[in-house]
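Student: What follows is a predicted structure for the sequence shown.
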Amino acid sequence: MSSRSSDQPRADVSRRQFLKRSSLAMAGAAAAEFPFVRTARAAAADMEVKIGLIGCGGRGTGAVLDALGAATKVIYPAAGYHTEDVAEGALIEKNDIKVVALADLFDDRLARCRQQLAKLGLNIPKEACFTGFDAYKQLLAVSEVNYVILATPPHFRPMHLKAAVEAGKHVFLEKPAAVDVPGVKIVMEAGQLARQKGLGIAAGTQRRHMQSYQEAIKRLRDGAVGEIVYARCYWNGGEIWVVERQPGWSDMEWQLRNWNYFTWLSGDHYLEQHVHNLDVMNWVLGSHPLRAVSAVGGRQVRTGPQHGHIFDHFAVEFEYPGGVRMFSQARQINGCDNLVEEAVVGTQGTSNCKNFIKPKMGDAWRFRGAEPNPYRQEHEDLIASIRSGSPINEAQAVAESTMTGILGREAAYSGKAVEWDEAMKSTRRLGPEKYEFGPYPTPDVAMPGRYQFS
Ligand SMILES: NC(=O)c1ccc[n+]([C@@H]2O[C@H](COP(=O)([O-])OP(=O)(O)OC[C@H]3O[C@@H](n4cnc5c(N)ncnc54)[C@H](O)[C@@H]3O)[C@@H](O)[C@H]2O)c1
């Protein structure tokens, strides 16, 4: 285990400098340069992916298995942790991908992930397993790691992404990318830095890696339903799991383990879950919204202390460029009609943005292709792009979708319209100044009309 790694960018810069020097020294001798170009391309093409996982919970474990092409068994329980374990009889498909290091805040969560990997014969040595609030720094100092998966609660994502890019690693980051505006800006900046350094970034907004969405949205952007007049999206579902407080847990430990219910950690479910749908809306409309025009929301059914202080329902109207309206709803309440989808209505037809386009005139279009597992596809796409020498970079897109969620959440919390440009000036950072276990009271529930977004 060596110290800090910035292998890739350093190698990149020196390669570029070397080629520049070579071409100057050997002006007119282009043939002499060829072997070096070929070597550089071959290095990327042959790159062995060496994963470091930060956040070894359900999704983090699942993301590693997806990258390896190993089948998972995913359980979203009513209570306890969400798990994505190794499925019975699973095998590793991608033998050119290694798992090198693990980092988590908690020993028990890391140990479970490590046990799962051991089922596949992957034994991560203790020296490559790091715990605590600074575990990410130790993992990023492992020079062998060249591909980092970020799967902690969203609060930590900007800090982890920035550090990973600075350390010269390619990154797969789970959604959402942040919980507040300063975090969104850090993600945008890290995306730019990654581009300069030739690093790839993919986000866990996996619809972007589904062929059905890709084909439908290409058609829609090419005018398949004429001008889009309005759009709508929903994540109306049931309650999700709760991690009950155990004796001896401080406020901080409990909030970190039961993170979905605290806005500073999850961003509220409007952002944490609905970001998938908001991301599709930004993609199909080719822009982020200009403003959240009007919003309502509250906490009516899911009101126990185990539910922290987040809302259980939201409805937001956004305005996009050209006056296009987008209506969004998100609910986590049991016993209601569930609806998870996106849709657009255009001057010449309608679509679900996914696999169906119905023009006013002519035949409907349906996506009839095979749809590979998007959780695997997002890693395949990122790794293929890195190996091709043109790494994809989804930082700006996921940052804008995250910001769209923040805009809607803040409009509902405050009961006021929120402008994108004004909101982008917010310097309010959510969460404690210092990360340490101890007292940290549950924040107040936002009361529309009284709560202020600043
Ligand atoms: N793309 C998808 O469809 C999808 C599905 C589920 C979850 N997610 C996202 O994945 C992320 C993780 O969700 P999950 O359900 O796996 O949660 P989880 O609680 O199972 O896992 C989070 C892990 O991060 C660890 N952690 C917390 N703070 C940390 C820190 N500062 N440093 C290191 N480790 C830390 C926790 O101990 C835990 O092991 C979330 O952002 C969630 O929104 C995405």
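Tutor: Looks like it arrived, so ask away.

Student: And the residue of the stretch 1-150 of the chain closest to the ligand?
Tutor: Scanning the stretch 1-150 of the chain for proximity to the ligand using C-beta to the nearest ligand atom identifies Gly57 as nearest, at 1.9 Å. Glycine gets a C-beta too; all of them are placed from N, C-alpha and C.

Student: and that residue, how many neighbours?
Tutor: Counted with other C-beta atoms under 10 Å, the neighbours of Gly57 add up to 24.

Student: Would you enumerate the residues in contact with the nearest residue to it once chain neighbours are set aside?
Tutor: Of all residues not flanking Gly57 in the chain, Arg109 sits nearest, at 5.6 Å (C-beta to C-beta, 6 or more residues apart in numbering). Arg109 makes contacts with Cys56, Gly57, Tyr81, as judged by C-beta atoms under 8 Å, 6 or more residues apart in numbering.

Student: which sections of the chain are below the confidence cut-off?
Tutor: Confidence mapping of the chain against pLDDT under 70 gives the ranges 1-43.

Student: mind redoing it with 80?
Tutor: Along the chain, the model assigns pLDDT under 80 to residues 1-44.

Student: does the spatially most central residue of it sit in a helix, a strand or a coil?
Tutor: Nearest to the mean C-alpha position of the chain, by C-alpha atoms, centre = their mean, lies Lys175 at 2.2 Å. At Lys175 the chain is in coil, as set by DSSP: H, G, I helix; E, B strand; the rest coil.

Student: how much space between it and the ligand?
Tutor: 5 Å (C-beta to the nearest ligand atom, to the nearest Å).

Student: same question, Gly349
Tutor: 29 Å.

Student: which residues touch that residue?
Tutor: Counted by C-beta under 8 Å, 6+ apart, Gly349 has contacts Ala224, Val225, Gly226, Ile357, Lys358, Pro359, Lys360.

Student: tally of neighbours for the second one?
Tutor: Residue neighbour count, defined by other C-beta under 10 Å, stands at 20 for Val225.

Student: Would you confirm that it contacts Ser351?
Tutor: Yes - using C-beta atoms under 8 Å, Val225 makes contact with Ser351 at a distance of 5.7 Å.

Student: which residues do these two both contact?
Tutor: Val344, Ile357.

Student: Arg245 in helix, strand or coil?
Tutor: Arg245 is classified as coil under three-state DSSP.

Student: Can you give me the neighbour number for it?
Tutor: 16.

Student: tell me which element the residue nearest to it when sequence neighbours are not counted is part of?
Tutor: Spatially, and ignoring its direct neighbours in sequence, Arg245 is nearest to Trp254 (4.6 Å; C-beta to C-beta, 6+ apart). For Trp254, the element it lies in under DSSP states H and E is helix 251-257.

Student: which residues touch the next helix or strand after that helix?
Tutor: On the C-terminal side of helix 251-257, the closest following helix or strand by DSSP H and E is helix 263-266. Under the contact criterion C-beta under 8 Å, 6+ apart, helix 263-266 has outside partners 153-155, 179, 255-256, 259-260, 272, 308-310, 409, 430-432, 443.

Student: The longest strand anywhere in the chain vs the ligand: in contact?
Tutor: Looking across the chain with DSSP state E, the single longest strand is strand 228-237. No - using C-beta under 6 Å from any ligand atom, strand 228-237 stays clear of the ligand, coming no nearer than 11.2 Å.

Student: That strand pairs with which strands, and in what direction?
Tutor: Under the criterion DSSP bridges, strand 228-237 sits next to strand 325-332 (parallel), strand 339-346 (antiparallel) in its sheet.

Student: For that strand, buried residues please.
Tutor: By 16 or more other C-beta atoms under 10 Å, the buried positions in strand 228-237 come out as Ile228, Ala231, Arg232, Cys233, Tyr234, Trp235, Asn236, Gly237.

Student: For the last one, give me its contacts.
Tutor: Right, Gly237. Applying C-beta under 8 Å, 6+ apart, the residues near Gly237 are Gln273, Arg331, Gln332, Asn338, Val340.
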